[in-house]
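Chemist: sequence plus the predicted model coming up.
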There are 2 protein chains.
Amino acid sequence: MSDLLRHRPGYALRRAANAMMADLAGRLALIDLRIAEASVLLLVADRADATASDIGRTLDIQRANMVPLLTRLEAAGLIERRPLDGKSQAVLLTPSGRARRAEADAITTAFEADLLARIAPEHRDHLVPALDRLWSHP
Amino acid sequence: MSDLLRHRPGYALRRAANAMMADLAGRLALIDLRIAEASVLLLVADRADATASDIGRTLDIQRANMVPLLTRLEAAGLIERRPLDGKSQAVLLTPSGRARRAEADAITTAFEADLLARIAPEHRDHLVPALDRLWSHP
DNA sequence: GCGGATGGTTATTGACAATAACATTATGCG
DNA sequence: CGCATAATGTTATTGTCAATAACCATCCGC
């Protein structure tokens, strides 16, 4: 019955992303992080001078949606906002944020290993390159 | 800056699904359908005796969430609910629903062609099989 | 016949994303 | 330098999809 949709790449992509996100969300909930929050933590570690807008641009999160996200991370004591000038502000990890980031990194790394393990070896290496083309420059 | 996340299959999957759904939603909006609604229409055509619960199980949509979905389709005159017994109800396409389904089919088919066209030929055939394993039997 | 499973329904909640509008500040061009 | 323009952060609201809990009526198997 579901064969009609199963072979459709759009549908398969939607279902796969959905299942994946539910799994990952469950794992990240153990350290009280949502997926979007974890992605910010993972990204921020790199650059100490990244502004909220920078991060949003990289993660494709609208400026407006960054606000509650960063507010929540700040309230949890994981990040700190430091004004760069009168307009922009840098997002910095607190020590507690660095620790949480390490946990998130471990969780996501294990998660992605599990994810790849489910894919047949002959398909495995093609997944990321294929997906990349679907969002890199729409 | 984004290289940290770009090679992560989970992140790539999320971003790709997101971009894909935004594109598809835009195309389906032209015929006043949302993605979930279109998937129901496409599925229902096959079986005239499919109940709401059946459809939900196949599409992995909770019973509770099927209600407003079907209500909206019914209000738009695209489907009809016919009681099978005192408990279950079959979901049937109206003539108008069949026409809309054909439009949705054309749109999604063209969409998926465009989607696959963006993927390098050597990766193309691996996408659906890889995705399939991520949701078929979690 | 009866108890447990199933179908439909209501209501509520959560996560992520999009849009519009606004005030403030930075920037670059003339 | 001054000023139009762009960029930043923010508030508020909306939409889509999904999950949960609770409820009642009905079907089904023993």
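Modeler: Thanks, I have it.

Chemist: so what pLDDT did the most centrally placed residue in chain A get?
Modeler: By C-alpha atoms, centre = their mean, chain A has its centre lying nearest to A:Ser39, at 3.0 Å. If you check A:Ser39, the pLDDT there is 97.

Chemist: with A:Asp32 instead?
Modeler: For A:Asp32, the model assigns a pLDDT of 97.

Chemist: from A:Leu70, how far out is the closest residue to it other than its chain neighbours?
Modeler: Leaving aside its chain neighbours, A:Asp32 sits nearest to A:Ala76 (7.3 Å; criterion: C-beta to C-beta, 6 or more residues apart in numbering or on different chains). C-betas here are computed from N, CA, C, even on glycine. Distance, A:Ala76 to A:Leu70, by C-beta to C-beta, to the nearest Å: 11 Å.

Chemist: the residue nearest to A:Asp32: neighbour count?
Modeler: 15 (other C-beta atoms under 10 Å in any protein chain shown).

Chemist: now do the residue nearest to A:Leu5 when sequence neighbours are not counted: how many residues are near it, please.
Modeler: What sits nearest to A:Leu5 in space, not counting adjacent residues and going by C-beta to C-beta, 6+ apart, is A:Tyr11, at 4.5 Å. Using other C-beta under 10 Å, A:Tyr11 has 25 neighbouring residues.

Chemist: next one: A:Leu70
Modeler: For A:Leu70, using other C-beta under 10 Å, the count is 21.

Chemist: please apply the same query to the one 5 residues further on.
Modeler: For A:Ala75, the number of neighbouring residues by other C-beta under 10 Å comes to 9.

Chemist: what's the answer for the one 10 residues further on, then?
Modeler: Counted with other C-beta under 10 Å, the burial measure for A:Asp85 works out to 7 neighbours.

Chemist: let's verify it: helix, strand, or coil?
Modeler: With DSSP: H, G, I helix; E, B strand; the rest coil as the basis, A:Asp85 sits in coil.

Chemist: check the one 5 residues further on too.
Modeler: Recorded secondary structure, A:Ala90: strand (three-state DSSP).

Chemist: identify the residues contacting A:Thr94.
Modeler: A:Gly77, A:Leu78, A:Ile79, A:Glu80 (C-beta atoms under 8 Å, 6 or more residues apart in numbering or on different chains).

Chemist: per-residue confidence for it?
Modeler: The predicted local confidence for A:Thr94 is 95.

Chemist: ok, A:Gly56 next?
Modeler: At A:Gly56, the pLDDT value in this model is 95.

Chemist: list the contacts of it.
Modeler: If you count contacts by C-beta under 8 Å, 6+ apart, then A:Gly56 has A:Gln62, A:Arg63, A:Asn65, A:Met66 around it.

Chemist: how is it assigned, secondary-structure-wise?
Modeler: Under three-state DSSP, A:Gly56 falls in the helix class.

Chemist: can you tell me the helix or strand for A:Val40?
Modeler: A:Val40 is part of helix A:35-44, with elements assigned from DSSP states H and E.

Chemist: now that helix, how far from the centre of its chain.
Modeler: Counting by C-alpha atoms, centre = their mean, to the nearest Å, helix A:35-44 is centred 5 Å from the centre of its parent chain.

Chemist: that'll do, ta.
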